[in-house]
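A.B. asks: structure of the sequence below:
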Amino acid sequence: MDSFFGLLKIRVKRGINLAIRDLGSSDPYVVITMGNQKLKTRVVKKNCNPVWNEELTLSITDLNAPINLTVFDKDTFTVDDKMGDASIDIQPYIASLKMGLQNLPKGCVVSRVQPSQNNCLADESCIVWEDGKFLQDMMLRLRNVESGEVVIQIEWINLPGCRRLETEGTS
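C.D. replies: The predicted structure follows:
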(Lines give C-alpha, C1' and ligand atoms only; values in the text may rest on other atoms or scores of the structure.)
Protein backbone atom coordinates (compact mmCIF):
# COMPACT_ATOMS: atom_id res chain seq x y z
CA MET A 1 0.00 0.00 0.00
CA ASP A 2 2.90 2.39 0.62
CA SER A 3 3.71 2.39 -3.11
CA PHE A 4 0.76 4.60 -3.95
CA PHE A 5 -0.59 7.91 -2.72
CA GLY A 6 -4.31 7.31 -2.99
CA LEU A 7 -7.14 7.10 -5.46
CA LEU A 8 -8.36 9.67 -7.98
CA LYS A 9 -12.06 9.37 -8.70
CA ILE A 10 -12.94 10.78 -12.12
CA ARG A 11 -16.62 11.38 -12.79
CA VAL A 12 -17.11 11.44 -16.55
CA LYS A 13 -20.26 13.55 -16.72
CA ARG A 14 -21.05 14.32 -20.35
CA GLY A 15 -19.87 15.15 -23.84
CA ILE A 16 -20.73 18.34 -25.69
CA ASN A 17 -20.90 18.74 -29.48
CA LEU A 18 -18.83 15.63 -30.16
CA ALA A 19 -17.77 14.90 -33.72
CA ILE A 20 -20.04 12.91 -36.03
CA ARG A 21 -18.40 9.62 -37.05
CA ASP A 22 -21.40 7.59 -38.27
CA LEU A 23 -24.42 8.53 -40.38
CA GLY A 24 -25.53 11.78 -38.72
CA SER A 25 -24.36 10.81 -35.23
CA SER A 26 -21.86 8.78 -33.18
CA ASP A 27 -21.82 6.07 -30.51
CA PRO A 28 -19.29 7.61 -28.10
CA TYR A 29 -17.47 6.22 -25.10
CA VAL A 30 -14.53 7.55 -23.07
CA VAL A 31 -11.25 5.80 -22.26
CA ILE A 32 -9.01 7.14 -19.48
CA THR A 33 -5.43 5.92 -19.30
CA MET A 34 -2.58 6.46 -16.87
CA GLY A 35 0.49 4.23 -17.06
CA ASN A 36 -0.80 0.69 -17.45
CA GLN A 37 -4.27 1.53 -16.10
CA LYS A 38 -7.07 1.78 -18.65
CA LEU A 39 -10.69 2.52 -17.73
CA LYS A 40 -13.71 3.13 -19.94
CA THR A 41 -17.29 4.28 -19.82
CA ARG A 42 -20.26 2.60 -21.43
CA VAL A 43 -21.23 3.41 -25.01
CA VAL A 44 -24.03 5.95 -25.51
CA LYS A 45 -25.72 5.11 -28.80
CA LYS A 46 -26.47 7.71 -31.50
CA ASN A 47 -25.67 10.81 -29.45
CA CYS A 48 -23.16 13.63 -29.99
CA ASN A 49 -24.10 15.14 -26.61
CA PRO A 50 -23.97 12.00 -24.44
CA VAL A 51 -24.51 11.86 -20.69
CA TRP A 52 -22.41 9.18 -18.98
CA ASN A 53 -22.37 10.20 -15.29
CA GLU A 54 -19.92 7.38 -14.59
CA GLU A 55 -17.21 7.18 -11.93
CA LEU A 56 -13.82 5.75 -12.90
CA THR A 57 -11.09 5.37 -10.27
CA LEU A 58 -7.32 5.41 -10.81
CA SER A 59 -4.68 4.27 -8.31
CA ILE A 60 -2.12 7.07 -8.13
CA THR A 61 1.50 5.92 -7.72
CA ASP A 62 3.13 8.89 -9.47
CA LEU A 63 1.69 12.38 -9.00
CA ASN A 64 3.34 13.51 -12.25
CA ALA A 65 2.18 10.64 -14.49
CA PRO A 66 0.09 11.93 -17.40
CA ILE A 67 -3.61 11.12 -17.36
CA ASN A 68 -5.17 10.95 -20.81
CA LEU A 69 -8.80 10.97 -21.88
CA THR A 70 -9.77 9.75 -25.35
CA VAL A 71 -13.24 9.64 -26.88
CA PHE A 72 -14.05 6.86 -29.36
CA ASP A 73 -17.00 6.04 -31.60
CA LYS A 74 -18.04 2.40 -31.19
CA ASP A 75 -18.22 0.58 -34.51
CA THR A 76 -19.60 -2.90 -34.99
CA PHE A 77 -17.59 -4.20 -37.95
CA THR A 78 -14.53 -1.94 -38.02
CA VAL A 79 -11.99 -0.49 -35.60
CA ASP A 80 -13.55 2.14 -33.31
CA ASP A 81 -13.03 5.69 -34.61
CA LYS A 82 -11.10 8.17 -32.48
CA MET A 83 -13.14 11.30 -31.68
CA GLY A 84 -10.45 13.39 -29.97
CA ASP A 85 -8.34 13.38 -26.84
CA ALA A 86 -7.36 15.57 -23.90
CA SER A 87 -4.93 15.47 -21.01
CA ILE A 88 -6.17 15.83 -17.44
CA ASP A 89 -3.86 18.14 -15.50
CA ILE A 90 -4.17 17.30 -11.79
CA GLN A 91 -1.23 19.44 -10.61
CA PRO A 92 -3.34 22.46 -9.49
CA TYR A 93 -5.69 20.06 -7.68
CA ILE A 94 -2.78 18.29 -5.93
CA ALA A 95 -1.37 21.70 -4.94
CA SER A 96 -4.73 22.56 -3.32
CA LEU A 97 -4.74 19.25 -1.43
CA LYS A 98 -1.22 19.94 -0.17
CA MET A 99 -2.37 23.23 1.39
CA GLY A 100 -3.78 21.12 4.23
CA LEU A 101 -6.98 23.18 4.45
CA GLN A 102 -9.94 21.74 6.35
CA ASN A 103 -13.34 22.75 7.71
CA LEU A 104 -13.93 25.39 5.07
CA PRO A 105 -17.40 26.79 4.33
CA LYS A 106 -19.36 24.63 1.89
CA GLY A 107 -18.77 25.77 -1.69
CA CYS A 108 -15.58 27.69 -0.82
CA VAL A 109 -13.43 28.17 -3.93
CA VAL A 110 -9.84 27.28 -3.02
CA SER A 111 -8.27 27.85 -6.42
CA ARG A 112 -9.17 28.85 -9.99
CA VAL A 113 -7.41 27.37 -13.00
CA GLN A 114 -7.53 29.28 -16.27
CA PRO A 115 -7.42 27.71 -19.74
CA SER A 116 -3.95 27.92 -21.28
CA GLN A 117 -1.70 26.31 -23.87
CA ASN A 118 -0.45 24.02 -21.07
CA ASN A 119 -3.84 22.43 -20.34
CA CYS A 120 -6.94 21.26 -22.23
CA LEU A 121 -9.42 23.40 -20.29
CA ALA A 122 -12.16 25.00 -22.38
CA ASP A 123 -13.23 27.26 -19.50
CA GLU A 124 -12.12 28.34 -16.02
CA SER A 125 -12.00 25.41 -13.60
CA CYS A 126 -12.58 25.90 -9.86
CA ILE A 127 -11.29 23.70 -7.06
CA VAL A 128 -14.05 23.78 -4.45
CA TRP A 129 -14.45 22.52 -0.86
CA GLU A 130 -17.71 20.54 -0.79
CA ASP A 131 -18.93 18.25 2.01
CA GLY A 132 -15.49 17.71 3.55
CA LYS A 133 -13.56 17.17 0.32
CA PHE A 134 -12.03 19.03 -2.59
CA LEU A 135 -13.75 18.70 -5.98
CA GLN A 136 -12.67 20.10 -9.33
CA ASP A 137 -15.00 20.34 -12.31
CA MET A 138 -13.28 20.55 -15.69
CA MET A 139 -14.57 21.15 -19.19
CA LEU A 140 -11.91 19.63 -21.43
CA ARG A 141 -11.58 20.73 -25.05
CA LEU A 142 -10.76 17.72 -27.20
CA ARG A 143 -7.66 17.87 -29.42
CA ASN A 144 -7.06 16.29 -32.83
CA VAL A 145 -10.72 16.60 -33.83
CA GLU A 146 -12.99 19.21 -35.39
CA SER A 147 -15.19 19.71 -32.30
CA GLY A 148 -16.07 18.40 -28.89
CA GLU A 149 -15.70 18.86 -25.15
CA VAL A 150 -16.00 16.48 -22.22
CA VAL A 151 -17.08 17.52 -18.72
CA ILE A 152 -15.48 15.68 -15.81
CA GLN A 153 -15.07 16.09 -12.06
CA ILE A 154 -12.12 14.84 -10.02
CA GLU A 155 -11.98 13.90 -6.35
CA TRP A 156 -9.09 12.59 -4.23
CA ILE A 157 -9.62 9.60 -1.94
CA ASN A 158 -7.14 8.97 0.89
CA LEU A 159 -6.72 5.36 1.91
CA PRO A 160 -5.28 4.06 5.19
CA GLY A 161 -1.72 2.81 4.76
CA CYS A 162 -1.00 4.89 1.64
CA ARG A 163 1.80 7.40 1.28
CA ARG A 164 0.55 10.79 2.38
CA LEU A 165 0.63 13.91 0.29
CA GLU A 166 3.05 16.20 2.10
CA THR A 167 1.34 19.43 3.09
CA GLU A 168 3.18 22.66 2.38
CA GLY A 169 5.83 23.43 4.95
CA THR A 170 6.17 19.83 6.20
CA SER A 171 8.48 18.34 3.59
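A.B. asks: and the gap between N53 and V30?
C.D. replies: N53 sits 12 Å away from V30, going by Cβ to Cβ, to the nearest Å. (C-beta placed from N, C-alpha, C; glycine too.)
A.B. asks: kindly apply the preceding question to L8 instead.
C.D. replies: 15 Å.
A.B. asks: between these two, which one's more packed in?
C.D. replies: V30 (25 against 22; other Cβ atoms under 10 Å).
A.B. asks: could I get the phi/psi values of the more buried one?
C.D. replies: phi -110, psi 140 (degrees, to the nearest 10).
A.B. asks: which residues does the residue lying closest to it once chain neighbours are set aside contact?
C.D. replies: In this structure, V30 finds its nearest non-sequential neighbour in T41, 4.6 Å apart by Cβ to Cβ, 6 or more residues apart in numbering. By Cβ atoms under 8 Å, 6 or more residues apart in numbering, T41 lies in contact with 12, 29-30, 52, 54, 56.
A.B. asks: distance to K82, secondary structure and pLDDT for these - can I get that in a markdown table?
C.D. replies: Below are the contacts of T41 laid out as a markdown table (distance: Cβ to Cβ, whole Å; DSSP: H, G, I helix; E, B strand; the rest coil; pLDDT from 0 to 100):
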| residue | distance to K82 | secondary structure | pLDDT |
| --- | --- | --- | --- |
| V12 | 17 | strand | 98 |
| Y29 | 12 | strand | 98 |
| V30 | 12 | strand | 98 |
| W52 | 17 | strand | 98 |
| E54 | 20 | strand | 98 |
| L56 | 19 | strand | 98 |
